[in-house]
Each structure stands twice: as C-alpha cells, then as structure tokens.
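Asker: This is the structure alone, sequence omitted:
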C-alpha cells in the first residue's frame, strides 16, 4: 500500500474535519445525508450516463488498486528478476512454478507462466506487450472517469445549493430559519468542492503518474522475462536491465564498465 | 436500448427531484414554465443561429439514437457475420435478402444489399468506408452541437437570473416578495445548470465514446461483409475478425492457434 | 439570406424580451442607454485597440455578410456551372459576359471574367486559389474578432456593474434607492452576457461553419470554371463535380457509373 | 504612432470615466491611491518574481513602442527600398549613408549600413535574418509578460477586495461605514478588471498582430536590401517585392506581367 | 541569489501587508493560524496524495534552489571555461582539481572531475548530457508540482470559507458575531488567493524560464568541458562558445572574423 497516498488523503480530511470540529456545533453540523446523496449520487449517475457499464466496473477497481498501490521501484523488480533467473538456471524453468505463488503482481505472474508453458520468446513478448498496452488503456479510461467525477461533483454541489436556496427563500419570516436553511444549502457546494479537490482530482493526477511509471516498469519486466527464458546469465541480465534506471546512474555504470 | 444511459439519467433526475420534494412546497415550487422557456428556448435559438438547419435535423436524431442505443459488442457482430456467411455458402448470396429483414442496423443492411446486388468487392468496400466516414462526421457534428448546448444553457440561466433580479429589485417594500422574486430568479440558473450537467455534457461525452467504439465495429463489419462476398469459409472469417477483439484476448488466441 | 440565423437570433431576443415584459415595469426597466454605451462602446474600443483599423473595416462587412448569407448548396453551384458550360459551348466564351450580370457571387464572377479575358487555365486556377485563400484569411480574422468581442463584452459588463455598485454604496440611507441602484448596476452585466451569448459567440461559431463549407464550395467552383474554359462537355463537368458531393452520394454515383 | 490604438484606449477609458462622472460623488469616489498601489504594485511585483530583470527592461520598451507604433504598410516599404535602389545605382552605395539619417527604423538602417560597410550578400542576409529572429523573440517575451500582467491584475484585485472586506466586517455598528468600506473594497476588483481588460489583454493581442505583420515586412526588407547591394534595377526590385503583397493583388500582377 | 525574485516576492508581500496594516485592527486581524493550517496543510496533503514522496523531496529542493538562484550569464560561463582551459594548458589537467573547490555549480564540477579522472571525450559528453536531461526532468516535475499547489490552494481557500460560513450561519442572533464570523471565513479564501498568486504560480513561471535558460547554459558548458579535455587553445574555445550567445551578437562576431 502506498503510504504517501493514504497519509495525504487522511491528512487532508483530518484538517478539514478539525476545522469543522472546533466551530460551534462541531462536526455534526456538517453531516447531512440527503445533501451527500444528491452530490455523490448525482455525480455517479451522470458518469454512468456517459460511460458504458462494461467500462465502469473494471475501472473502479483500477482506480482503487492504482491509487492505493505502492509502485515497486525498478531496483526491486531487477532483484526479483535476477532471483528468478538464478532459480531457472539452477533448477530449470519448471522450478519457477512454485516460486510464482509468492508473487502478487498478475502481470509478472502471467509472463513467467507463459515461459513455463513453453511459448516462444516472440509469443511471450507479443502477449506481454499487448497486456501492457491493455493495462495502459485501462489506466487512461480510469483517469478520464476520475476527471469526469472531478468536473461533475462541483456542478452537483451547485445544483444542490440552488435547490436549497430556492427552498429557503420560500419563507423569510423566521431569521434563524434563514441561517440554517442557507447553511444546509451551502453543504452541497462544500461536499462537491471536497469530493473534487480532496478525492477525484488528486486521484486522477495520481493515476497519471502511476501509469507513466508503470509503463516503464512493464518494459523492464518484459525484457527480464524474455532474458530468463533464453537462459542468460543472471549477472548479464542485471547489467542489461540497469539500462532502465535513471540516466545519470546508468551513465556512470556504463563508464565504469 | 442502453439501460446504462437511461438508468443514469433517470437516477440523476430522481435524486434532484427527491431533494426538491422533501423541502417546503415540494416540487411545485421548482416548476416555472416561463423560466424553462427562456433557458431551453434561448439555448436552442442561439444554437440554431450557429448551425445551418440542414445540420440540425439529422443531428438531433443522431443524438437521440446514439445516446440511447446500446452499442452491440464485437462478439455479437462476429456471430451475425458468421451466420450470414454460413447461409451464403449453403444457399447462395440471394438467400441473404430475406434474412436481411431481421436486421435493424442500416449500415449492415446496406453492405449486405450491395453484395446481393452484385457490386465488386472494391466497390462494396469503398462505399461502406465512405458510409462509415460520413457516419463519423455526423457523430462529430452531434458532439459539437451537444457541447454548444452545454455551454449556452448556463449562460441563459444567468441571463434569466439577471432579468429576474432586476425585476425583483424594483420594489423592495415587501420582504416576502423579495424572497419569492429571488427564488424565481434563481430557477433559471438552476435549470441551466441541470440542463448542462445532467443532459448536454454527459450526452456529449456519451456520443464521443459511442462514436469511437462504433468506428471499430464498422471496420470489423466491412471486413466481414467483403469476406462473405468472397465466399470464404465461415470458420476462417471468424478467426480473421477475432483480430478486432481486445489485444490480450487476441494474443492468447494467436498463441493457441 | 439565411433564415435560420435570423430566426435563431430573433427568437432568442424575443424570449428574453418576453421575460422582461411580463415582469413589473416591463421592458422599460431594462433600457438604460449609458449602460449600453459602456458595455458595447468599451467592448468595441478595446477590440479597436488590438486590431489595426485596416483589418476591422472589411471584417465587420465579412461578419455581417457571412452571418446573414445563406451558403448555396453544392447542387446549386453544379447546376449554375453546367448552365454556363452549356452556354459557352453553344455561343462561345464571350457570350458568358452578359449572363455574368445575373450572378451576385463576386468569386464566381471574377473567375468567369478571367476566362472571358483569355487568361490561361493555370493563371485562372492560381488567381482563384489565391482569392479563396485570401477569403479564408478574412473569415479567420472575422472569427477572431467575434471571439474577442465575445470575451470583452462580459468583462465590460462586470466593470460597469462594479462602477454602479461603488456608486450605490455611497449612500445606503434610502432602501428603495439601494434596490434601484443595484438593478441599474446589474444591467451592464446583463448586457454583457446577452451580447456575448446571443450575438458574438454564436456569430463566431457561425463564421467557422460558413468558412468551412465555403472553402469546399470554392474548390468545386474553381474546378468548374477551369472545365468551362477547356470546353469540356457539360455532362462530363457535372460528373466530375459530383465528386465534391457528400461521400455516400458520390460513392453510389460512382458505383452506378 | 498608431492612432487606432490610442483612440481605442482613450475611448475605453473615457467611457468608463464618463460612467463614473455621472454618478453621485463623481470620479473622485473611484480614486483610491492605496488600492491602486496594491493592484498594480502587486501585479508588477509578481511578474518581476517570474521574469529575470534582464528580460523585463527591454520588453517594457518593446511593449510601449510596439503597442503605439503604426506598422508601415508593405507598399510604403517597397517605395522606400526602390528609392534607395535608385540612389545606389545613380550615386553609388556610399551615397546611401546621408540618406540613412532620415530613416527611423533601426532594422532597415542596420541592413543598409551593413551594405555600405561592404559585407557580402550572404553575411548581410544572415545578420539581418538573425536580427529579425531576435526581434520576434523579444515580441514573444513581450506578449508573454503582457499575458501574465493580464492574469495577475484580477487576482490582485480580488486579494485587495478580500482584505477590504475583512477590515469592513470588523465593525458592523455603523451602517454607512459598511457601505463605504465595501465600496472601497470593491475598488481593487474594479482596478484589476480595468487593468486586465482595458490595457494588458488588448496590448497582448496587439503585440501578437504586430509581431505577425512585422515578420512579413522584415522578410520583404531583407530581400530589398540584398537586391540593392547586388545593384539590381529598381523596377525589377519592385516587381520582385510585390510578391510579398496580399495574394490576390500579387496574382493579378503576375497575370498582367 | 536572484535579487529580482527576492525583491519581487518581498514587494508583493509588503504591499499586501501594508494594505492590511492601514486598516482598523492592523495586520493582527488577518492572522488566523487554524485557517492557515487548513489552506496550506490541505494543499500540501493533496499534492502528497498525487505525487510519490520520492518525487516530492528532491523537487522541493529544486523549487527553492531554482527560484532563488541567479542564473549565471553565458558570458560568465565562457570566462570561467577559458580560465580553466588556460590553467589546463599551462599546468595540466590535474591542476584543475584544486581550482574546482572554488566552483559551487555541481554540474560544472562533475564535468571537470570526469575530465580529471581520465574518461574519454565521448563518455564525458554522454554522462553530462544525461545529467542535463535528468536536471531538466527534475525542473519539469518541479513546475508540475508548483502548478498543482497553485491550483489546489484556492480550492482549499474555498473549502475553508464554506466551512466558516456554515458555522457562522448556525447562530444569527448576534450581528457583530456574524461580521467577525464572516471575516474569519473569508480569511481562507484570502490565504488561498495569496498562496496561489504570490507564491505558487509565479514560482512555476520562474521555474519554466530558469529551466529554459539553464538548458542552453548546460549545452555551452558541455562543449567547453570537452574542449578543455581536448587541449584546444583557450582563444579558440572562446570563439566557439560565442556561438551560444544571442544571435545578433554572434552574427556580428562572425562577420568581423
């Protein structure tokens, strides 16, 4: 789990909840279930209108997984690939099968499984590249949906506030009622602003960053898997994959070689 | 019919109507025919100003049909093409004519009709590709018009509210009149925001998605129709058209072959 | 004249005027000459600041003509060209001169005149293509100016409202005066919103559509004029120009040929 | 001096000042030096923060000169070049030196000076093209700075208004004080809107137009200066430079030739 | 240190603080720690949510260093390189080591160190180009984060204000309490606007300018370092590096040569 994302989100919510708590009436004043239903129900409903349901289901999963997942570093991936390469050279490709059970990245598992199943290097590479392409497309759709949610949430906040204001304006005889009516009306705008700026827009940004990093990792993994299959020496594989590391480090490595 | 779209739109409206209903005065407070006429009449009028009427008529139909239509899946299309190919091989191309009456997609019907009428493969392909291009252009114009409606609706909502505010401000002697005047003034802003965010903008998004999926389906259908004409074996046609399926599935299919 | 544009504009204004008329005080409440002068004078002044006067004069004409003009259809143009081609074959190129007087499209007239004056086909084509390019540039500048007017009008509406509010706030002793002062202050915002959304932005959209259609017509006309000069058979010219019609129609024509 | 720009700017300010003058309290009500300092001082300060001072100094000059300068027409430039060409052919290149003193365009002066100094045609062309490129870069930076000023001015207007509102809200006991406090608070928003929409944004637009026209003039001048150096016949130079005139005119000239 | 940036930022803050100081209650009225924590804490928290922490740490340093650093001029860099070249020719490459300690630009130091360490010219060039690329990527991420902060700050300002307004509206019985409550509510909007327009957005602009200039300097430095290694004559190196100066100056230099 990516602590950064969790801490960032938790911190943002704690700060706003804290600001609510120190005021008169505390947090309770800010909880209004019907307003929440309008803003988040409405936002979800119009997003459903625009996207086919077959897109929505896998994408919600992608958003949740990707937003929370800690992207592994290239170094971690290189270490894992070298470990598998060592095992394959010592005990043969079939020995990888039991070791696969410790891996929770379905992309890597699938690649190694194809190698165990004896597909040719070209087939493994083609399948894994298409898999990566497909994963990228899912990320892009996920970002698009998060963007939409971030755009519709404030709009529904405004719609809810307008509904509340029109209701409040029907009866101006009780001054205190006006204040409470307006407070309730403003809650939907607040929910919309919080949903967009504390969840949907940051998640869309996160998805974009994760997708970019992920694509680079996938390239490294495909090279590694194909190298394992060809039975290259683990040390050679390591050197080759270092080429995917950040430029300055790579350059020094080359220079030292 | 695309249930997703209908449910999404219905849900959004139900949520907002529910929020209106639970307030004092109920939904009746939010119905003001003159305000509706200004917002939606004005929005339509300036869109009419910008687009030639010859563009508007077919496009309104496109918007309605496309927004509501459930796009068929590639698998469904492949199955239909294989069925037609089987029939053509068993009973000849002319036998397709009666079967055509069960098809409600004018694009597919036209393609098969051209085959029955004996046009050459190149002619069929040229005509169908131009037909697909033309369809794409209609979708693009449809999206543009939906975008315009989504941009003008809030503008007319604001114009209506300003008109209402100026009228309300003429007489500030009756406090209750002020409240009701302002409530009425706000209704046009509410209608504009609802029209844009619950209808026009989601429909524009839907049109874009549908158009993209549709173009891929059209390519698959053109290949299928030309293959039927050439009398290829249904099983071969099926394999060929699988190439249009999502990459990972296609790749596995190739690998297994 | 393009009825669509006139009806669209008239309808939009009638709707808003109607909304004004049914309120207390009627339309008179919304007429404030100084506010109109600030908004539309200011908008014009800063547009003048940004564009050289040599650009502004022809462009205002372009905007008026183009926004109002009904673009002729390709079919109408083909018919006219065939008519001229018939005449040229029967009575010679010089006979076109009297017929030219019935034509009110300066582009077509100029092209035929060049043919009558005996310029070579290449020269006629070059001149007419440059003329079309030049026309397109004028349309683009026209659209840019309409865009600017649409952006500055709401800004001057806001400036006027701020001026009015500051004046109103000088004396808060008379409650009725506050209402009327605020009403007047809001009028400039209303004028700015109406100018932008009911005139400038739709006209910019219209100009873009007209320019696109016009360029396709110009290409068709250049081919037609050069064909008349070369003395091709009217029937052949017709077939050739059909290539500029909408793809599906063209395709079927080709198929039938 | 470009009368258009001056008249446009003067007209816009006169209109707004007129609107201020006819209200209660006149223009005096709208003059608040501290508010002006916040808006325009703040806008300048943050622009200074973003751009190095070495960029700012020449650019302010560019903005002033370019915004005010009346771009010469191509015809004027052709006439001047022909005049210089005549003189050079009659009295030699050195005779141009005295005539140069009547020229106030540094670009043209520099080019002729290089010719007098005996540099080769290629060197003159290279230097002048780099000079033109450099001038274009200064215009682009000028436009960028004007854009920034136009974006920061309303932001500082809003900051000033928020400061004023917070101050006003400290004491609500005197109703008249509230009005005057709010009026003062609104002044910064007004200044920001006026600065952006009546100066910075139109000037940025003007700079863009001037830069585009200027680049075309520079090309024409470089061709002319090189032609003078090569001792071509003035009449021939004129014909050649006509190629830079607007397409339709050029085309007719070519046709007549 | 770049005085321009410091003076610009200081001036902007002094102006706004001055405006606060001259009002009733002085600057103290504008200081509200909880509001500051919500706006800047929240803005930081959601930026943390979107960017991995491994990106954030180096980038904050980049922003601080780059925003404050005075970019050296090309002339300064050429002078330094010539100085190093002189020393290398007189006393050998190893003599550069002690002189390196006076250099505080890590990029230049690293390049010279590679030369001293005896790497080949190609290796030095490759490493330094990758280093420059890497530096550019850090600047780009820095700009992106500054852009995000500039977008989230006003959003959190609005969220804070909405929270404050809802709290204030709970009790409208004390008029003075309303004023103070609203003043406090507005403070977060003010902080958000100040953070975005006086810090984050200008810093993002500055980073973009610095990055552009820096890349040109890096190219010049790489050429210079490689030239030092090859033992070229200092005077020749100087001439060569002048090619990186502004075009007009370079051109005249070439002409004079």
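Answerer: On my side now, so go ahead. Here the structure is a predicted model, which means the values were calculated and not measured.
Asker: number of nearby residues for whichever residue of chain A sits closest to chain C?
Answerer: Distances between chain A and chain C by Cβ to the nearest Cβ are smallest at residue A:172, namely 15.5 Å. In short, each C-beta sits where N, CA and C put it, glycine included. Neighbourhood size, residue A:172 [other Cβ atoms under 10 Å in any protein chain shown]: 18.
Asker: I'd guessed it sits against residue A:182; true?
Answerer: No - with contact defined as Cβ atoms under 8 Å, residue A:172 does not reach residue A:182; the gap is 11.1 Å.
Asker: burial count for residue A:7?
Answerer: Neighbour tally, residue A:7, other Cβ under 10 Å: 14.
Asker: and what of residue A:31?
Answerer: Per other Cβ under 10 Å, the neighbour tally for residue A:31 reads 11.
Asker: check whether the helix or strand where residue A:153 lies contacts chain B.
Answerer: If you go by DSSP states H and E, residue A:153 is part of helix A:121-169. Yes - using Cβ under 8 Å from any Cβ of the partner chain, helix A:121-169 reaches chain B at A:123, A:126-127, A:130-131, A:133-134, A:148, A:152, A:155-156, A:158-160, A:162-167, A:169.
Asker: residues in the stretch 51-200 of chain A within reach of chain E, list them.
Answerer: Going by Cβ under 8 Å from any Cβ, the residues of the stretch 51-200 of chain A near chain E are A:71, A:175-176, A:178-180, A:182-183, A:186-187, A:189-190, A:193-194, A:196-198.
Asker: Narrow the residues you listed to just the buried residues.
Answerer: Buried members of these, counted by 16 or more other Cβ atoms under 10 Å in any protein chain shown: A:71, A:178-180, A:182-183, A:186-187, A:189-190, A:193-194, A:196-198.
Asker: Show me the two of those residues that sit farthest apart.
Answerer: Within these, A:71 and A:178 form the most distant pair, 51.0 Å apart (Cβ to Cβ).
Asker: pLDDT wise, what is the closest residue to residue A:140 other than its chain neighbours at?
Answerer: Leaving out its chain neighbours, the residue that sits closest to residue A:140 by Cβ to Cβ, 6 or more residues apart in numbering or on different chains is residue A:211, at 7.1 Å. pLDDT recorded at residue A:211 is 87.
Asker: surely residue A:211 meets residue A:136?
Answerer: Yes - proximity of residue A:211 to residue A:136 meets the contact threshold set by Cβ under 8 Å, at 6.3 Å.
Asker: Which of these two has more residues huddled nearby?
Answerer: Shown here are residue A:211 and residue A:136; by other Cβ under 10 Å, residue A:211 has more neighbours (20 against 15).
Asker: Phi, psi for the more buried one please.
Answerer: Phi and psi for residue A:211, reported as degrees, to the nearest 10, are phi -60, psi -40.
Asker: which residues touch it?
Answerer: If you count contacts by Cβ atoms under 8 Å, 6 or more residues apart in numbering or on different chains, residue A:211 has them with A:66, A:136, A:139-140, A:143.
Asker: 10 Å instead?
Answerer: A:62, A:66, A:71, A:135-140, A:142-143 (Cβ atoms under 10 Å, 6 or more residues apart in numbering or on different chains).
Asker: Check residue A:180 too.
Answerer: So residue A:180 contacts A:29, A:168, A:174, E:166, E:169-172 (Cβ under 10 Å, 6+ apart).
Asker: Including pLDDT, could the residues you listed go into JSON lines?
Answerer: Output for these, formatted as JSON lines (pLDDT from 0 to 100):
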{"residue": "A:29", "pLDDT": "92"}
{"residue": "A:168", "pLDDT": "92"}
{"residue": "A:174", "pLDDT": "81"}
{"residue": "E:166", "pLDDT": "94"}
{"residue": "E:169", "pLDDT": "92"}
{"residue": "E:170", "pLDDT": "89"}
{"residue": "E:171", "pLDDT": "83"}
{"residue": "E:172", "pLDDT": "83"}
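Asker: In terms of distance to chain D, which of these ranks first?
Answerer: Once Cβ to the nearest Cβ is applied, the member of the contacts of residue A:180 that ends up nearest chain D is residue E:172, at 12.5 Å.
Asker: That closest one: what secondary structure?
Answerer: coil (DSSP: H, G, I helix; E, B strand; the rest coil).
Asker: Correct me if wrong: it contacts residue A:176.
Answerer: Yes - the pair residue E:172 / residue A:176 is scored as a contact, 6.1 Å apart, by Cβ atoms under 10 Å.
Asker: Was I right to think residue A:186 contacts residue A:165?
Answerer: Yes - when contacts are counted by Cβ under 10 Å, residue A:186 is listed as touching residue A:165 (9.0 Å).
Asker: Out of the buried ones among the residues of the stretch 51-200 of chain A next to chain E, which comes closest to chain B?
Answerer: residue A:178 (8.9 Å).
Asker: and the closest one, what are its phi and psi?
Answerer: phi -60, psi -50.
Asker: quick one, what contacts it?
Answerer: A:168-169, A:171-172, B:179, E:169, E:172 are the contacts of residue A:178 under Cβ under 10 Å, 6+ apart.
Asker: and if we set it to 8 Å?
Answerer: Residues counted as contacts of residue A:178 (Cβ under 8 Å, 6+ apart) are A:168, A:172, E:172.
Asker: Please identify the helix or strand for the closest residue to the last one other than its chain neighbours.
Answerer: Counting by Cβ to Cβ, 6+ apart, the nearest residue to residue E:172 once its immediate chain neighbours are dropped is residue A:179, at 4.1 Å. In this assignment (DSSP H and E), residue A:179 forms part of helix A:175-194.
Asker: What score does residue A:23 have for pLDDT?
Answerer: 85.
Asker: what about the residue of chain A positioned farthest from its centre, distance to residue B:174?
Answerer: Here chain A reaches farthest from its C-alpha mean at residue A:173, the gap being 50.3 Å by Cα atoms, centre = their mean. Look at residue A:173 and residue B:174: by Cβ to Cβ, to the nearest Å, they are 12 Å apart.
Asker: Same question for residue A:205.
Answerer: For residue A:205, the distance to residue B:174 - Cβ to Cβ - is 51 Å.
Asker: Between those two, which has more neighbouring residues?
Answerer: More crowded of residue A:205 and residue B:174, by other Cβ under 10 Å: residue A:205, with 23 against 10.
Asker: Name the nearest residue to the more buried one, sequence neighbours excluded.
Answerer: Nearest to residue A:205 is residue E:50, by Cβ to Cβ, 6+ apart, at 3.6 Å.
Asker: Tell me how many other residues surround that neighbour.
Answerer: For residue E:50, using other Cβ under 10 Å, the count is 26.
Asker: Of all residues in chain A, which one is closest to chain B?
Answerer: Nearest residue of chain A to chain B (Cβ to the nearest Cβ) works out as residue A:49 at 3.2 Å.
Asker: Report the secondary structure element holding that residue.
Answerer: helix A:42-50.
Asker: Now do that helix against helix A:121-169, angle only.
Answerer: Helix A:42-50 runs at 130 degrees relative to helix A:121-169, counting by axes from the mean of the first three to the mean of the last three Cα atoms, to 10 degrees.
Asker: just checking, what packs against helix A:42-50?
Answerer: Helices and strands touching helix A:42-50, as assessed by 3 or more Cβ pairs under 8 Å, 6 or more residues apart in numbering or on different chains; DSSP states H and E, comprise helix A:121-169, helix B:3-21, helix B:201-229.
Asker: May I see these organised as CSV, with distance to residue B:113 added?
Answerer: What follows is the helices and strands packed on helix A:42-50, written out as CSV (distance: least, Cβ to Cβ, whole Å):
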stretch, distance to residue B:113
helix A:121-169, 35
helix B:3-21, 30
helix B:201-229, 10
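Asker: Done for today, thanks.
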